[in-house]
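Chemist: Task: produce atomic coordinates for the following.
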Amino acid sequence: MQSQDVAQRQAPAPAGSGPVVDVEQAEAALVEHYPRLVRLAYLVLPPGLGRGRRVLTAHALAQRALPRGRKQASVIPAQASARDGDPGYAFVRLQVVRSALDAARSRKGLLRRGPLPPLLPQVWGLRLFPRSGGAEELALDQVLSTLSGPARAAYVLRGLEKLSDSDTRKVLKAAGVTDAGGALAAAGEVPEQYDLLTSPEFDPCSLQARPTDLMRRRQHTKAVLAAAAALAVCGALVALPGGGWGPDGAAAPVYAQNPAAEAALDPGKLVRVAPTAWESAARTDFSVWPARGKLTGDTALLRRALAVWARPGETVRVSATPGTQTGGPAGPPQLLYAGVVDNARVVLLYDGLRIARYAEPTDGTAGAALDFARVDGASTAESSVLVLGRTDGNVRYLTAPWVSKVAKRDLMKPDAGATPLALSDGVTSPLASPALQPGTCTSWTVLELTDATGTRLATDLGELVPAHLTAGRPGAPGEATSREGLQGWAPFACSLAAERSAGVRSVNAWAYAEQPLPEAGGTGTWVCTRADTWRGAGAVALAQFRTPGGPVGAVTAKGTDVAACGPRDPHVLAGVLWKSGTGSWYVLAAGDQDMASISTSGGVTASGQGALLAVKAQQGTQAELKGRLTDGSSVSGLH
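Modeler: Below you'll find the predicted structure:
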């Protein structure tokens with residue numbers, strides 16, 4: 001019987017038919033590529049469903065992609081070259097795309113075929129959604145949300161599945177798209193950020209869970225009566241004047257009353273600091289920022305912001321810098337700003353440890369966003385500015401009350417000077433955001449802030465709190481606004497792109513060595529840039545090398561979670577394989593001024609006294625570096 005069944009499944013297809021699959025082939029493909037298929041469905045589904053509903057619907061679509069029964073099903077010829085040449089995968093992929101497009105056309109995400117009722121699946125008591133990504137993922141998702149379902153599918157098939165335009169067009173037509181060419185054209189207008197499609201932001205198989213209704217309900221009559229009585233009491237409480245702050249907008253429903261939590265949600269109890277409090281304060285940080293903006297008296301807006309902070313609904317986009325908690329405030333937070341920024345109403349709040357930014361469209365609450373940033377222990381420099389909003393590649397900032405002047409400058413053009421920016425009630429006019437800069441890095445716009453203590457630079461790295469830029473030896477760096485600091489940063493500004501959305505607190509650039517190159521090749525410059533984070537862990541040190549006359553530096557080594565190049569360990573050693581003008585290859589190595597000797601092992605063995613080493617090598621040579629400091633301790637090279 002088994003042999004007959006196998007023979008039947010392997011029987012040749014009738015003449016003139018395309019490739020065929022049966023349920024076993026399709027099931028094997030579904031099991032092997034399940035995470036990819038669910039991601040595909042999640043990306044094609046309309047974002048208006050909300051992240052939680054998109055996750056559940058994406059899983060349901062993937063699981064219903066199998067053919068009905070055991071009969072063979074035709075596979076369109078366009079998919080014969082599917083993933084790993086597997087026609088089973090081609091078939092289930094087509095079913096996923098077709099079902100997701102059906103959901104996009106219905107704009108409800110309800111499944112119209114299959115044995116389950118439309119409201120299933122449901123996960124009772126939990127809300128599931130993917131992990132939050134960074135600014136680039138958020139920007140891409142917002143752009144994709146403006147596309148039609150077919151155009152979104154075209155973009156995803158190109159980027160995630162790596163299909164050619166011809167194959168993408170055939171898949172779309174097989175999925176029922178009448179204007180596949182128009183869908184491809186619309187998808188072509190979106191920047192090709194295909195690598196972002198594989199990020200955790202769009203992974204519906206790696207999920208975070210939050211509780212919904214925490215009240216357990218018994219099933220017998222006595223518990224039902226008790227629940228009814230509790231419902232009647234809650235209804236009476238809601239009708240009392242104390243609950244009359246207005247609707248909660250995009251916040252999730254309330255399932256239980258908690259006096260302490262309710263106090264934190266009372267807009268009348270928000271902490272408001274006097275406009276001149278900072279002038280006599282013992283320290284100047286976010287705790288002495290006054291409440292600014294034209295909507296600080298809008299009780300309904302403040303109520304919605306607080307409610308969403310405590311209970312973000314499924315449609316709210318929540319993001320946080322790494323290591324930042326997203327739970328509600330323990331008590332009434334401090335109001336920093338409430339006003340209209342471009343096309344959004346924005347509220348900035350501070351609870352002593354975090355900055356929370358709530359934003360909603362000016363024409364409603366759909367599409368509200370909630371962002372968090374950790375700011376515990378912020379110094380005067382680090383609490384001088386916050387991001388209010390980003391639109392069309394530009395960013396607006398809110399400055400501290402002690403900031404008297406703001407300007408912008410291109411960090412890659414140190415001699416160009418700074419251009420003053422208009423400042424109104426602490427809000428800057430828009431300027432280009434390097435965090436949103438597409439394509440090749442040709443400039444890096446930073447914010448220059450001036451107060452009574454001096455001038456400093458801050459840069460937008462895609463988070464609420466811009467990173468403070470410094471220059472100089474670790475342990476005693478100076479502001480990057482000095483001539484030496486600006487000249488030192490210019491060739492290495494583009495390396496800041498590697499620190500986007502990483503919770504960076506400050507970045508220091510330290511030119512630790514200059515090295516004469518072999519064969520009279522001029523003098524190369526070694527710089528170490530160290531990005532420290534608000535959470536302490538995760539600091540990144542980059543060793544970079546610039547050849548004479550080179551426009552930018554090249555990263556030669558990177559260390560994560562290392563003390564090198566920082567105040568705890570102000571030493572660094574790095575190397576690079578360099579080609580001379582005559583075509584000869586050399587291993588170059590350089591350490592800081594406290595380096596007494598350097599040695600190499602592995603691909604080339606050599607040693608030398610002092611902080612510099614140059615030894616002839618072969619192309620492709622890889623060598624391990626060891627250094628010894630003047631105090632006798634050893635140092636390993638950054639990798």
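Chemist: so where's the protein uncertain?
Modeler: The chain contains residues with pLDDT under 70 at 1-22, 68-85, 106-129, 131-135, 208-248, 250-263.
Chemist: Check the offset of the longest helix belonging to it from the chain's centre.
Modeler: The single longest helix within the chain, with elements called by DSSP state H, is helix 87-106. Mean-position distance between helix 87-106 and its chain equals 28 Å (Cα atoms, centre = their mean, to the nearest Å).
Chemist: ok, the lengthiest strand in the chain: who's next to it in the sheet?
Modeler: The longest strand of the chain (DSSP state E) is strand 504-516. Applying DSSP bridges, strand 504-516 is found paired with strand 467-471 (parallel), strand 523-533 (antiparallel).
Chemist: can those go into TSV with extra columns for mean neighbour count and distance to residue 197?
Modeler: Just so you know, the C-beta spots here come from the backbone N, C-alpha and C atoms, and that holds for glycine as well. TSV is the format used below for the strands paired with strand 504-516 (neighbours: other Cβ atoms under 10 Å; distance: least, Cβ to Cβ, whole Å):
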stretch	mean neighbour count	distance to residue 197
strand 467-471	25	27
strand 523-533	22	26
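Chemist: Could you dump those into JSON lines with distance to residue 62 added?
Modeler: Listed next are these as JSON lines, based on distance: least, Cβ to Cβ, whole Å:
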{"stretch": "strand 467-471", "distance to residue 62": "40"}
{"stretch": "strand 523-533", "distance to residue 62": "37"}
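Chemist: okay, the longest strand of the chain in CSV with CA atoms only?
Modeler: Taking C-alpha atoms only, strand 504-516 is exported to CSV below (Å, rounded to 0.1, in the frame of the first residue of the first chain):
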residue,chain,number,x,y,z
VAL,A,504,24.3,56.1,22.6
ARG,A,505,25.0,58.7,25.3
SER,A,506,28.2,60.3,23.9
VAL,A,507,30.8,59.6,21.3
ASN,A,508,34.5,60.7,21.7
ALA,A,509,37.1,60.9,18.9
TRP,A,510,40.7,60.5,19.9
ALA,A,511,43.5,60.9,17.4
TYR,A,512,46.0,58.6,19.2
ALA,A,513,48.8,58.2,16.7
GLU,A,514,50.3,59.5,13.5
GLN,A,515,52.4,57.0,11.5
PRO,A,516,55.0,57.6,8.8
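Chemist: Give me the buried positions along it.
Modeler: Using 16 or more other Cβ atoms under 10 Å as the test for burial, strand 504-516 gives 504, 505, 506, 507, 508, 509, 510, 511, 512, 513, 515.
Chemist: quick one, what contacts the closest residue in space to the fourth one that isn't next to it in sequence?
Modeler: Meaning residue 507. Once flanking residues are discounted, residue 507 sits nearest to residue 531: 4.7 Å by Cβ to Cβ, 6 or more residues apart in numbering. By Cβ atoms under 8 Å, 6 or more residues apart in numbering, the contact list for residue 531 reads 467, 499, 502, 504, 506, 507, 539, 540, 541.
Chemist: Can you list the residue ranges for helices in the stretch 101-250 of the chain?
Modeler: 135-145, 149-159, 165-174, 180-188, 221-238 (DSSP state H, counting those that start in this stretch).
Chemist: Could you list every helix and strand in contact with the second one?
Modeler: Counting contacts by 3 or more Cβ pairs under 8 Å, 6 or more residues apart in numbering; DSSP states H and E, the secondary-structure elements packed against helix 149-159 are helix 34-44, helix 87-106, helix 165-174, helix 180-188.
Chemist: re earlier: show me the two of the buried residues of strand 504-516 that sit farthest apart.
Modeler: 505 and 515 (30.6 Å; Cβ to Cβ).
Chemist: how far away is residue 275 from residue 622?
Modeler: Going from residue 275 to residue 622 by Cβ to Cβ, to the nearest Å gives 60 Å.
Chemist: Residue 196 now?
Modeler: Counting by Cβ to Cβ, the gap from residue 196 to residue 622 is 31 Å.
Chemist: Looking at the two now, which is surrounded by more residues?
Modeler: Taking neighbours as other Cβ atoms under 10 Å, residue 196 and residue 622 compare with residue 196 leading, 19 against 11.
Chemist: What's the local residue count around residue 99?
Modeler: Counted with other Cβ under 10 Å, residues neighbouring residue 99 total 25.
Chemist: I should have written residue 618 there, sorry.
Modeler: Per other Cβ under 10 Å, the neighbour tally for residue 618 reads 11.
Chemist: residues touching it, list them.
Modeler: With contact taken as Cβ under 8 Å, 6+ apart, residue 618 is in contact with 585, 603, 604.
Chemist: Of these, which is the most crowded?
Modeler: residue 604 (18 neighbours).
Chemist: I'd assumed residue 587 was in contact with that residue.
Modeler: Yes - with contact defined as Cβ atoms under 8 Å, residue 604 reaches residue 587; the gap is 5.6 Å.
Chemist: what do those two both touch?
Modeler: Common neighbours of residue 604 and residue 587, using Cβ under 8 Å, 6+ apart, are 615, 617, 621, 623.
Chemist: and the second one, bridged to which residues?
Modeler: Note on residue 617: beta-bridge partners by DSSP bridges are residue 585.
Chemist: next one: the last one
Modeler: Beta bridges link residue 623 to residue 602 when assigned by DSSP bridges.
Chemist: For residue 34, which of the strands paired with strand 504-516 is the nearest?
Modeler: strand 523-533 (34.7 Å).
Chemist: returning to that earlier point: which of the strands paired with strand 504-516 sits closest to residue 334?
Modeler: So among those, strand 467-471 is nearest, using Cβ to Cβ, at 21.7 Å.
Chemist: Which residues outside the following helix or strand past the closest one are in contact with it?
Modeler: Counting by DSSP states H and E, the next helix or strand C-terminal to strand 467-471 is strand 478-479. Strand 478-479 has contacts (Cβ under 8 Å, 6+ apart) with 454, 455, 456, 457, 470, 471, 472, 485.
Chemist: And those residues, which is closest to residue 63?
Modeler: Scanning these for proximity to residue 63, where the rule is Cβ to Cβ, the winner is residue 457, at 52.0 Å.
Chemist: That closest one: what secondary structure?
Modeler: What DSSP: H, G, I helix; E, B strand; the rest coil gives for residue 457 is strand.
Chemist: how's this protein carved up into domains?
Modeler: 17-209, 262-378, 386-570 (automatic domain parsing).
Chemist: Tabulate those (JSON lines), appending distance to residue 634.
Modeler: Formatted as JSON lines, those follow (distance: least, Cβ to Cβ, whole Å):
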{"stretch": "domain 17-209", "distance to residue 634": "37"}
{"stretch": "domain 262-378", "distance to residue 634": "32"}
{"stretch": "domain 386-570", "distance to residue 634": "12"}
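Chemist: looking at these, which is closest to residue 591?
Modeler: Nearest to residue 591, of all those, is domain 386-570, at 6.9 Å by Cβ to Cβ.
Chemist: Now do the end-to-end distance for the closest one.
Modeler: 30 Å (Cα to Cα, to the nearest Å).
Chemist: for stretch 485-503, same thing?
Modeler: For stretch 485-503, the end-to-end distance is 23 Å (Cα to Cα).
Chemist: got the buried residues for that stretch?
Modeler: 485-486, 488-496, 499-503.
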